[in-house]
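Engineer: Build me a model:
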Amino acid sequence: AIVAVDDVSFEVGRGEILGFLGPNGAGKSTTLRMITGLLAADEGTAKICGIDVSHDPLGARQCFGYLPEAIPLYDEMQVDQYLRFIGNSRGLVGADLEQKLQDVCSRLGLEQMLRRCCGTLSKGFRQRVGLAQALIHDPQVLILDEPTNGLDPRQIIEVRQLIRELAQERAIIFSTHILQEIAAICTRIIVIHSGKLIADGTAE
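Structural biologist: Numbering: from 1, shown residues only. From the prediction side, this is the model:
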C-alpha cells in the first residue's frame with residue numbers, strides 16, 4: 001500500500017491565507033479531500049470551525065466552501081440554475097438565496113453570464129463559477145485547490161485580489177504547485193513533499 005499523506009498536521013486561523021505548496025503528486029489534493037470529507041482518512045482527524053468532519057460532515061460543510069481542481073459544473077445547466085441548485089443544497093432558499101446569488105455574482109463579475117450554459121463558458125468564467133459555488137453560502141473557511149489554474153494574467157490578478165478581500169473575515173487554504181502564486185498572496189506557507197509536511201512558516 002502507498003501512504004499518500006503521512007502525519008500532516010496544521011491549523012489555520014481567521015485572516016490567514018495558508019499556502020499549501022508542493023510538487024504534483026505530493027499529496028496536496030488528497031489532504032484537501034480528507035479535510036473536506038470527500039475521502040475517509042485511515043487515521044487522524046480534521047476539524048472545521050471545531051466540527052469534526054468525519055463525525056458531523058453536514059455540519060462541517062456548512063462552514064466551508066471548496067473549489068476542487070476539477071470544477072464540478074453541470075454543463076447543461078445555466079449558470080443561475082447551477083448556483084441556485086448549489087445554494088439549495090447548502091440550505092439557502094427564497095429571498096436569502098436570491099440575495100446571496102446576487103452578491104456572489106456581483107463580486108465575481110458573473111452578472112452577464114447567468115443565462116449562459118455552463119458548458120459554453122471559457123476557462124476563466126468556469127473558474128469564476130467554481131469560486132461562486134464555493135462562496136454562495138458565505139462560509140467561514142475557503143479551501144481552494146489550484147484556483148488560478150488556466151487563467152490569463154489579468155484574471156490571476158483579479159482572483160488574487162478577491163482572495164485577499166475574502167481572507168479579511170475568513171480562513172483560506174490555497175493549494176498550488178506554483179511558487180510565484182504562493183509568494184504573491186499567502187501570509188503563511190506549508191510545504192508537503194511525498195506525503196510529508198517538510199516546512200511551515202512565512203515566505204521569508
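
Engineer: Check the secondary structure at the spatially most central residue of the chain for me.
Structural biologist: In the chain, the residue lying closest to the centroid (CA atoms, centre = their mean) is residue 144, at 2.6 Å. What DSSP: H, G, I helix; E, B strand; the rest coil gives for residue 144 is strand.

Engineer: what separates residue 120 from residue 76, distance-wise?
Structural biologist: Distance from residue 120 to residue 76, counting by CB to CB, to the nearest Å: 10 Å. Heads up, the C-betas are built off the backbone N, CA and C, glycines and all.

Engineer: ignore the last one, residue 18
Structural biologist: Distance check for residue 18 against residue 76: by CB to CB, it reads 36 Å.

Engineer: Neighbour count for the two, which is higher?
Structural biologist: For the pair residue 18 and residue 76, the greater number of neighbours falls to residue 18 (23 against 10), based on other CB atoms under 10 Å.

Engineer: Sticking with the nearest residue to residue 114 once chain neighbours are set aside, tell me its helix or strand.
Structural biologist: Counting by CB to CB, 6 or more residues apart in numbering, the nearest residue to residue 114 once its immediate chain neighbours are dropped is residue 80, at 4.1 Å. Using DSSP states H and E, the element containing residue 80 is helix 79-89.

Engineer: Just list what that helix packs against, helices and strands only.
Structural biologist: helix 94-108, helix 123-135 (3 or more CB pairs under 8 Å, 6 or more residues apart in numbering; DSSP states H and E).

Engineer: and those, which is most packed in?
Structural biologist: helix 123-135 (a mean of 21; mean count of other CB atoms under 10 Å).

Engineer: I'd like to know which elements it is packed against.
Structural biologist: Secondary elements touching helix 123-135 (3+ CB pairs under 8 Å, 6+ apart): strand 64-67, helix 79-89, helix 94-108, strand 141-145, helix 153-167.

Engineer: Check the gap between the residue nearest to the centre of the chain and residue 85 for me.
Structural biologist: 21 Å.

Engineer: Ends of stretch 68-84, what's the gap?
Structural biologist: Taking CA to CA, to the nearest Å, stretch 68-84 runs 19 Å from one end to the other.

Engineer: and of the helices and strands packed on helix 123-135, who's closest to residue 32?
Structural biologist: Residue 32 sits nearest to strand 141-145 of all the helices and strands packed on helix 123-135, at 5.5 Å, using CB to CB.

Engineer: What pairs with that closest one, parallel or antiparallel?
Structural biologist: strand 64-67 (parallel), strand 171-176 (parallel) (DSSP bridges).

Engineer: In JSON lines: the ones you listed, plus mean pLDDT and mean neighbour count.
Structural biologist: Output for these, formatted as JSON lines (pLDDT from 0 to 100; neighbours: other CB atoms under 10 Å):
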{"stretch": "strand 64-67", "mean pLDDT": "92", "mean neighbour count": "23"}
{"stretch": "strand 171-176", "mean pLDDT": "91", "mean neighbour count": "24"}
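
Engineer: Give the residue spans of the chain that score low on pLDDT.
Structural biologist: Scanning the chain for pLDDT under 70 picks out the ranges 1-2.
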